[in-house]
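K.L.:
Provided below for reference: sequence and predicted model.
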Amino acid sequence: VWPHRLGLVILAGARATFEPIDVEADTSLFLTAGAALSEISSDGLELVVRFTPVHEDGSTGAEQTVLTRHIEGFDAETPWVEIMLPLGSLVYGRGVVALECGPGPLGEPSADWLAIYEMVVGPAAQQSLHRARGHNERRYTADLARFEQRHDASVLDKNSDYAGSPLVAAGRPAFGLAAGPVTTLERQLARAVSVVELGNRALARGLQRNPPDFQQRLGARLAGLRTGSSDVTRKLRVLSLCSGVGRVERALLQGIWPEAVALTLWDRNADVAEVTASRLAAVCEEVTVVEDDVNHLDLQGERYDVILCASGLHHLVELEHVLSTVSDGLEADGEFWSIAEFVGRNGYRMWPGARAVANAFFADLPEAYRVSRVGGGAAELDEKLGDLDQSVQTLEGIRSQEIEGLLQQNFAVQDSQARSCFLWSLLEPAYVSNYDLHAQESIELIERAAALDVKYQLAGGRPGILNGVYRKSH
Ligand SMILES: C[S@@+](CC[C@H](N)C(=O)[O-])C[C@H]1O[C@@H](n2cnc3c(N)ncnc32)[C@H](O)[C@@H]1O
């Protein structure tokens, strides 16, 4: 069942008109529309889009119908349709757009309520950005609530090791792969500290490609700042965006001299700032916490050796601005590290093909592995993996499917590994506690799922998790 969604409701026979707009050749109109009620008249309803030209002297021209779309009714699988209309190829110049609800082909209007959930007019190339900007405060509030629901209170506990992220292993970042291939299950198990890491290792082995070794890169950069045996010429300047409680940063800095790095952590969530600073004190002497929205990132001319973002880009709307600001904020030889980033389908979803393979695997799992537990709520037995578009209500995966392309546009790729077409979904926080690292059955299931995932990816499937190292492209 879908959660409630905010919409403009137009009843049969009514129309909504908007402020005049200027239509140019590349202007498109994007609409998300559906039936607002689960039961509408048996002949469905009609969404009609009309355009009335407005001349310079204020007079209006003949109204044109630019779209008529029949909507059968409300279906829980597809409760709305998305329509991209190339308006610039249909009409031109200044005019007024009107949306109308028609009663359907038999003229039966009862309960014909049309819901308009989204309407975006602008250059086609910017539609996804403008679309993502909608409902920002509502989405952010829901994002925070979802974060709290998915991760228990240990996230904000100064003394605990936050292990809640689905993308990064407990206590050690997912990128902390041992060098060289792991040949036996026992050796692999001895090194793995979490179920998620076990899965990550199996993926890397199958893909025959390790993610970048961020710890090693940090060590090499610090070594480059040393003169003689111990003196440090200057501190390495590191900025982390969407840093949460600094878990990844703490793992990275462990074992490195606390005075070697000047670390700036940037997160919008006021609750994490204080916790973060105290948790990092042991591994870094100079920690600055900035409590602000990364979407409006302004580095005020500061330069960094490393800027990193772990599992944060998929919450951002202003990706173009953020990535170009990051590029400008890097030293000439500086690097941007994208760590354990979700780059899959918008809304934190699997692509349909991957979902079909994952669901077939899931359906065959013993019941104990299909139990979901969300944020201390009651355990439920699932038939299928979830497919809700989280970006409808929250910022989760708001533009995730564009991240990889935008990284490539803004930077020169140094090293990257993209993996996990669906394993990330099978090992979601809701399911991960069903697996026991010390049980042969659990290990074998993870191995099998990972092998299936690798096979799917190697046959052209699109992966969902990215670890990459980038440099300025100019
Ligand atoms: C999935 S968590 C990742 C946290 C941490 N990097 C880690 O890997 O454990 C996403 C983090 O991004 C932060 N965040 C989301 N949107 C943000 C924004 N617009 N500006 C700054 N921080 C944001 C959230 O508060 C949260 O701490």
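P.N.:
Everything's here; your move. Numbers count the residues shown, from 1 in each chain.
K.L.:
from here on, just use CA atoms for contacts and neighbour counts.
P.N.:
Noted.
K.L.:
off-centre distance for stretch 458-474?
P.N.:
Chain-centre distance of stretch 458-474: 14 Å, with Cα atoms, centre = their mean, to the nearest Å.
K.L.:
which positions in that stretch come out as buried?
P.N.:
Gly461, Arg462, Pro463, Gly464, Ile465, Leu466, Asn467, Gly468, Val469, Tyr470, Arg471, Lys472 (16 or more other Cα atoms under 10 Å).
K.L.:
which of these sits closest to Arg349?
P.N.:
Gly464 (9.1 Å; Cα to Cα).
K.L.:
continuing past the longest helix along the chain, what's the next helix or strand?
P.N.:
Longest helix in the chain, counting residues (DSSP state H): helix 440-458. Note on helix 440-458: by DSSP states H and E, the next helix or strand toward the C-terminus is strand 465-472.
K.L.:
now that following strand: average pLDDT?
P.N.:
The average pLDDT within strand 465-472 is 98.
K.L.:
the helix or strand where Asp143 lies: how far from the chain's middle?
P.N.:
Using DSSP H and E, Asp143 maps to helix 136-150. Once both centres are worked out by Cα atoms, centre = their mean, helix 136-150 turns out to sit 13 Å from its chain's centre.
K.L.:
so which elements touch it?
P.N.:
Taking 3 or more Cα pairs under 8 Å, 6 or more residues apart in numbering; DSSP states H and E as contact, there are no helices or strands that helix 136-150 lies on.
K.L.:
returning to what we had before: any chance of the buried residues of stretch 458-474 in TSV with distance to Arg221 as columns?
P.N.:
As requested, these are exported to TSV (distance: Cα to Cα, whole Å):
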residue	distance to Arg221
Gly461	35
Arg462	32
Pro463	30
Gly464	29
Ile465	25
Leu466	22
Asn467	19
Gly468	17
Val469	14
Tyr470	15
Arg471	14
Lys472	17
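K.L.:
for Ala379, phi and psi?
P.N.:
phi -70, psi 140 (degrees, to the nearest 10).
K.L.:
quick one: average confidence on the longest helix of the chain?
P.N.:
97.
K.L.:
and stretch 50-70, what's its mean pLDDT?
P.N.:
96.
K.L.:
which residues are in contact with that stretch?
P.N.:
20, 44-49, 87, 90-91, 93-100, 104 (Cα atoms under 8 Å, 6 or more residues apart in numbering).
K.L.:
who touches Ala36 in this structure?
P.N.:
Here Ala36 is in contact with Val9, Phe74, Trp113, Leu114, Ala115 (criterion: Cα under 8 Å, 6+ apart).
K.L.:
for the nearest residue to Ser38 once chain neighbours are set aside, helix, strand, or coil?
P.N.:
Nearest residue to Ser38, sequence neighbours excluded (Cα to Cα, 6 or more residues apart in numbering): Phe74, at 4.9 Å. With DSSP: H, G, I helix; E, B strand; the rest coil as the basis, Phe74 sits in coil.
K.L.:
what number of residues lie near Phe74?
P.N.:
Using other Cα atoms under 10 Å, the number of residues around Phe74 comes to 17.
K.L.:
if I read this right, it contacts Ser41, doesn't it?
P.N.:
No. Using Cα atoms under 8 Å, Phe74 makes no contact with Ser41, being 10.9 Å away.
K.L.:
can you flag which of the contacts of stretch 50-70 belong to strands?
P.N.:
45-49, 93-100 (DSSP state E).
K.L.:
what ranges does the protein have for its helices?
P.N.:
127-133, 136-150, 185-191, 195-207, 214-224, 247-253, 270-280, 319-328, 352-363, 403-410, 423-426, 429-432, 440-458.
K.L.:
quick one: the fifth one to strand 465-472, angle?
P.N.:
Counting by axes from the mean of the first three to the mean of the last three Cα atoms, to 10 degrees, helix 214-224 points 20 degrees away from the direction of strand 465-472.
K.L.:
and if you look at the fourth one?
P.N.:
With the same axes, to 10 degrees applied, the angle from helix 195-207 to strand 465-472 works out at 70 degrees.
K.L.:
and helix 195-207 with helix 440-458, angle?
P.N.:
50 degrees.
K.L.:
show me what helix 195-207 packs onto, helices and strands only.
P.N.:
helix 440-458.
K.L.:
against which helices or strands is the helix it packs on packed?
P.N.:
Partner elements for helix 440-458 (3+ Cα pairs under 8 Å, 6+ apart): helix 195-207, helix 423-426.
K.L.:
export it to PDB, keeping only CA atoms.
P.N.:
The C-alpha trace of helix 440-458 is given here as PDB (Å, rounded to 0.1, in the frame of the first residue of the first chain):
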ATOM      1  CA  GLN A 440      27.800 -22.200   7.300                       C
ATOM      2  CA  GLU A 441      24.300 -21.800   5.800                       C
ATOM      3  CA  SER A 442      24.400 -18.000   6.000                       C
ATOM      4  CA  ILE A 443      27.800 -17.900   4.500                       C
ATOM      5  CA  GLU A 444      26.800 -20.100   1.600                       C
ATOM      6  CA  LEU A 445      23.700 -18.100   0.900                       C
ATOM      7  CA  ILE A 446      25.700 -14.900   0.800                       C
ATOM      8  CA  GLU A 447      28.200 -16.500  -1.500                       C
ATOM      9  CA  ARG A 448      25.400 -17.800  -3.800                       C
ATOM     10  CA  ALA A 449      23.700 -14.400  -3.900                       C
ATOM     11  CA  ALA A 450      26.900 -12.700  -4.700                       C
ATOM     12  CA  ALA A 451      27.800 -15.100  -7.400                       C
ATOM     13  CA  LEU A 452      24.400 -14.500  -9.000                       C
ATOM     14  CA  ASP A 453      24.900 -10.800  -8.700                       C
ATOM     15  CA  VAL A 454      28.300 -10.900 -10.400                       C
ATOM     16  CA  LYS A 455      26.900 -13.100 -13.200                       C
ATOM     17  CA  TYR A 456      24.100 -10.500 -13.700                       C
ATOM     18  CA  GLN A 457      26.500  -7.600 -13.700                       C
ATOM     19  CA  LEU A 458      29.000  -9.200 -16.100                       C
END
